[in-house]
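Q: Just a sequence and a predicted model for now, questions to come.
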Amino acid sequence: MPSLRMRAIAVAALLVGGVLTAAASAAAAPAPRTVTYHGYQVDVPASWRVVDLAEQPRACVRFDVATVYLGRPGEQTDCPTRLVGRAAGLLIEPLAGLAPERVPDGVVTAPAGSARPPKDATSHDGAVRLAVEDAGVLVTAAHNGTTEPVVRRVLDSARLVPGGAPASLPAAPLVADAQIVAPGTFEGKGFDACAAPSQSTMNAWLASPYRSIGIYTSGSFRGCSQPNLTATWVANQAANGWRFVLTDVGRQAPCTSFSLKMSTDPATAKSQGSTAADAAISAATALGFGSGSAVYSDIENYSSTSSCKASVLSYVSGWTERLHAKGWLSGVYSSASSGIKDLSSAYSSTTYTRPDHIFFAWWNSAADTDTGSYVPATQWAGHQRIHQYVGENQETYGGVRINIDRDYLDVGTGNPVPCDSVSLDFSAYPSLSSGSTGGAVKAAQCLLATAGQLPAATNPSGTFDATTVSAAKAFQQSRGLSADGVVGPHTWTALLSTGDTPTLQQGASGSAVRRLQRALTAALGSAVGIDGSFGPGTDSAVRSYQSSRSLGVDGTVGPATWGALQAGK
């Protein structure tokens, strides 16, 4: 056994060796790489690639691998079909000859005599965009949530050197008229590609069997640069008869390894979905798309758990509710076996808000919208489906080859909020049965559509026909009510209260209060003022309802009160 003195000497040696090793490692650390382009010079980590686009015009400008791209992206690029995620990277391109329509959102200008961004430069859609007019370059610095500090340090290392040709940032054009509805009403084949193809490619591909193109319009997790995607490009394709599938690539399920994830707290995830919808609408509007269009949230495949599923469904609820509030349709892209399957399981849920369209990846080579065992045929049955049936496929038309995923669409416009144009406010809710007609029947049909028992795209007829009877019975069964097809007080109460269940009390206001007031009117059989304001009258009605249903009488509408209402009690 070593003596104490020998062990002390060994420890000291280790400590000295550790210091020397650390010093040696620091000395051996690779120095930053200096990159110069058109009078703009910057230091980047030694591990970053450098790609000269003049020498490699078909190179895909992709930000999932840390890279510096020099020059303007070529018209024909070799991009994979699907890149989700960002690491870090720079695109440094000349300002001279930059078309006004290609001026990016959120671009800032470096101060005169400097190559560095202003101190208050903000990131927009996962990138800092900087015009360095003294060098005549436009710099796009892409990042994710982790790498943003690294990218900002790189930008702060920039300086002006000889060789630049000063140029001004052109003024951005006026925002396009928001007139195009995407995808609209269409049944047939389409494709999606990581980067929007050039105009010449789109012209050549008029020889293809496809008439719809999927484009990545927004999201800070898009992997490919989009140099061709402008309002003019969109208008040109629309004039040539192309339809569009608008996709937002944002936060991913928390049970994945992606760096940008939804919160594990459902309330926060819902708020994140709402924020993403606002950004998606802004980006789509700038490209010329308008209300009535669908935007699909790209949620990549994940191994579902109960908590992960709750985050995804909450995120989609926030996404959907915000899109609906602004008159847009909500869609979700995901694997049929993960995100789409989870959405299907919550199709008639009163907790989550269902999207209008599903865009499911199931690479079975079948050009149809059959979801197999993943989703019942009765769900999203009103022209609300897109099937990505072949992935990562190289195809050539008109002599031009690109990498695509194949899609089959059966979509319609529909009303994003089935009850938006129909009054749901009545001082009394009459009993309805086969043969009934009028405004109350329209209201019931809208509510049945919201609950997933009638197609969302079907306009309410106002006639209580056989289809409405069947829908009423299905809804009653889902709520444990007597399935007689008659919409009476219990069914009205359950229908009118369907939706999210926020805690409400005096002072609250909004759409959830209106739902509460309608449901109380039906449940109590007496008029409750339906104005969206939780005042003394609503408080009195809540307490009366709680007392008559043997609930805790406190005037607060929490889980127990909502649960009783949504069960039709």
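A: Alright, I've got the coordinates.

Q: Any regions of this structure where pLDDT drops low?
A: 1-29, 173-178, 414-421, 455-458 (pLDDT under 70).

Q: Next up, the contacts around the residue found closest to G525 once you drop the neighbours it is linked to in the chain.
A: Ranked by CB to CB, 6 or more residues apart in numbering and with sequence neighbours excluded, the top spatial neighbour of G525 is P489, at 6.6 Å. Backbone N, C-alpha and C define where each C-beta goes, glycine included. Contacts for P489 (CB atoms under 8 Å, 6 or more residues apart in numbering) come out as Y429, S431, A522, A523, G525.

Q: out of the residues you listed, which is most surrounded?
A: Using other CB atoms under 10 Å as the neighbour criterion, A523 leads these with 26 neighbours.

Q: gap between that one and F426?
A: In this view, A523 and F426 are 13 Å apart by CB to CB, to the nearest Å.

Q: ditto for P209
A: Going from P209 to F426 by CB to CB gives 51 Å.

Q: Same question for G535.
A: 20 Å.

Q: Kindly report the same for S544.
A: 19 Å.

Q: Also R401?
A: Distance from R401 to F426, by CB to CB: 61 Å.

Q: which one of the two has more residues nearby?
A: Using other CB under 10 Å as the criterion, R401 and F426 rank with F426 on top: 17 against 14.

Q: mind listing what that one touches?
A: Neighbours of F426 in contact, by CB under 8 Å, 6+ apart: A440, A443, R518, T521.

Q: Among those residues, which one sits closest to P355?
A: P355 lies nearest to A443 out of those, by CB to CB, at 22.9 Å.

Q: quick check, K270 in a helix?
A: Yes. Counting by DSSP: H, G, I helix; E, B strand; the rest coil, K270 is part of a helix.

Q: any idea how far it is from V375?
A: Distance, K270 to V375, using CB to CB: 23 Å.

Q: now do A235
A: A235 is 35 Å from V375, by CB to CB.

Q: Between these two, tell me which one has more neighbours.
A: V375 (23 against 16).

Q: could you list every residue that touches L90?
A: When contacts are counted by CB under 8 Å, 6+ apart, L90 touches V42, V44, T67, V68, Y69, V139, T140, A141, A142, V151, V154.

Q: and if we set it to 6 Å?
A: By CB atoms under 6 Å, 6 or more residues apart in numbering, the contact list for L90 reads V68, A141.

Q: Note down every partner strand of the helix or strand it falls within and its orientation.
A: Assigned by DSSP states H and E, L90 belongs to strand 88-94. If you go by DSSP bridges, strand 88-94 pairs up with strand 67-70 (parallel), strand 137-143 (antiparallel).

Q: out of those strands, which comes closest to S293?
A: Nearest to S293 among these is strand 137-143; the distance by CB to CB comes to 26.3 Å.

Q: pretty sure S550 is in a strand, no?
A: No. Counting by three-state DSSP, S550 is not part of a strand but coil.

Q: Run a quick neighbour tally on it.
A: Around S550 there are 9 residues (other CB under 10 Å).

Q: Which positions in stretch 490-509 come out as buried?
A: By neighbour count with 16 or more other CB atoms under 10 Å, stretch 490-509 contains the buried residues 490-501, 504, 508.

Q: Repeat that for stretch 339-352.
A: If you call a residue buried by 16+ other CB under 10 Å, then stretch 339-352 has these buried ones: G339, I340, K341, D342, L343, S344, A346, Y347, S348, S349, T350, Y352.
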